[in-house]
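[1] Let's see this in three dimensions:
(chains A and B)
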Amino acid sequence: EPEVTQTPSHQVTQMGQEVILRCVPISNHLYFYWYRQILGQKVEFLVSFYNNEISEKSEIFDDQFSVERPDGSNFTLKIRSTKLEDSAMYFCASRGTSGRYGELFFGEGSRLTVL
Amino acid sequence: AQRVTQPEKLLSVFKGAPVELKCNYSYSGSPELFWYVQYSRQRLQLLLRHISRESIKGFTADLNKGETSFHLKKPFAQEEDSAMYYCALSRNFNKFYFGSGTKLNVKP
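    A predicted model of the protein is given here:
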């Protein structure tokens, strides 16, 4: 069964460093998302992406964040200059147009630790 | 503003007992509502959607617009139901709002 894959599973970085989190959505899906979950808190929406552009973004998704689909298969989240409060689990999700309508397929997450 | 509230962080029941995980939402229009589940060491996955009135693994959820609730119910809990459950709301599928989750622990 096709799955969303995310790399790395865990990244430790120093405050101020750039981080790129990578996702490979399910191949025939057209809608892509990034969510994050700070330890003990809710899963928060960051951004949605369709047709090579951002559909919607949250207040969290400021100028330090960007997304890209560089090659038709990867979907990346870049954090330009990490802060301590960026430490969280980052989930990528994708959605298709068939099957259970509206269903999000999630990756296993990338844990980011900012020191 | 859209919001999803799951008032219980943890719910413990014995095997065979009924279970109800509460979800309340605030939204001005007609929302699409979902329950997602995360079993231990597995990824977050869709359990059921209100739009299709599904019953999945014995779970059902009824949308009550008057009470703005979408509680998840199962008449007889099983140990394998132990997991983290998230209620979610979407208005246009561009953005999903998740609750903070309820950990269900089904004791033998």
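[2] tally of neighbours for the residue lying closest to B:Ser82 once chain neighbours are set aside?
    Leaving out its chain neighbours, the residue that sits closest to B:Ser82 by CB to CB, 6 or more residues apart in numbering or on different chains is B:Val106, at 4.8 Å. Placement of C-beta: from N, CA and C, glycine included. By other CB atoms under 10 Å in any protein chain shown, 20 other residues sit near B:Val106.
[3] How about the contacts made by B:Val106?
    B:Val106 is in contact with B:12-15, B:19, B:77-82, counting by CB atoms under 8 Å, 6 or more residues apart in numbering or on different chains.
[4] what residues does chain B put near chain A?
    Contact residues (CB under 8 Å from any CB of the partner chain) of chain B with chain A: B:32, B:34, B:36, B:43-46, B:49, B:51-52, B:86, B:90, B:93-101.
[5] hmm, try it at 7 Å
    Taking CB under 7 Å from any CB of the partner chain as the contact definition, chain B meets chain A at B:32, B:34, B:43-46, B:49, B:51, B:86, B:90, B:93-101.
[6] Buried ones from these, can you make that a PyMOL selection?
    Paste this into PyMOL to select the buried members of these, with burial taken from 16 or more other CB atoms under 10 Å in any protein chain shown:
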select buried, chain B and resi 32+34+43+44+46+49+86+90+93+94+95+96+97+98+99+100+101
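[7] low-confidence ranges in chain B?
    For chain B, no stretch has pLDDT under 70.
[8] returning to that earlier point: could I get the contacts of B:Val106 as TSV with neighbour count, distance to A:Leu46 and secondary structure?
    Putting these into TSV (neighbours: other CB atoms under 10 Å in any protein chain shown; distance: CB to CB, whole Å; DSSP: H, G, I helix; E, B strand; the rest coil) gives the following:
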residue	neighbour count	distance to A:Leu46	secondary structure
B:Ser12	13	32	strand
B:Val13	17	34	strand
B:Phe14	12	39	strand
B:Lys15	14	38	coil
B:Val19	22	32	strand
B:Ala77	22	34	coil
B:Gln78	13	34	coil
B:Glu79	12	35	helix
B:Glu80	10	32	helix
B:Asp81	20	30	helix
B:Ser82	17	29	coil
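[9] related to what we said a few turns ago, part of a strand, is the residue nearest to B:Ser82?
    Yes. The assignment for B:Val106 by DSSP: H, G, I helix; E, B strand; the rest coil puts it in a strand.
[10] bridging residues for it?
    B:Val106 has these beta-bridge partners by DSSP bridges: B:Val13.
[11] repeat for A:Val19
    Beta-bridge partners for A:Val19, by DSSP bridges, are A:Ile79.
[12] Model confidence score at it, please.
    A:Val19 carries a pLDDT value of 98.
[13] Wasn't A:Glu85 part of a helix?
    Yes. Read with three-state DSSP, A:Glu85 is one of the residues of a helix.
[14] Which stretches in chain A count as strands?
    Counting by DSSP state E, one finds strands in chain A at the ranges A:5-7, A:10-13, A:19-24, A:31-37, A:43-50, A:53-57, A:65-68, A:75-79, A:88-95, A:105-106, A:110-114.
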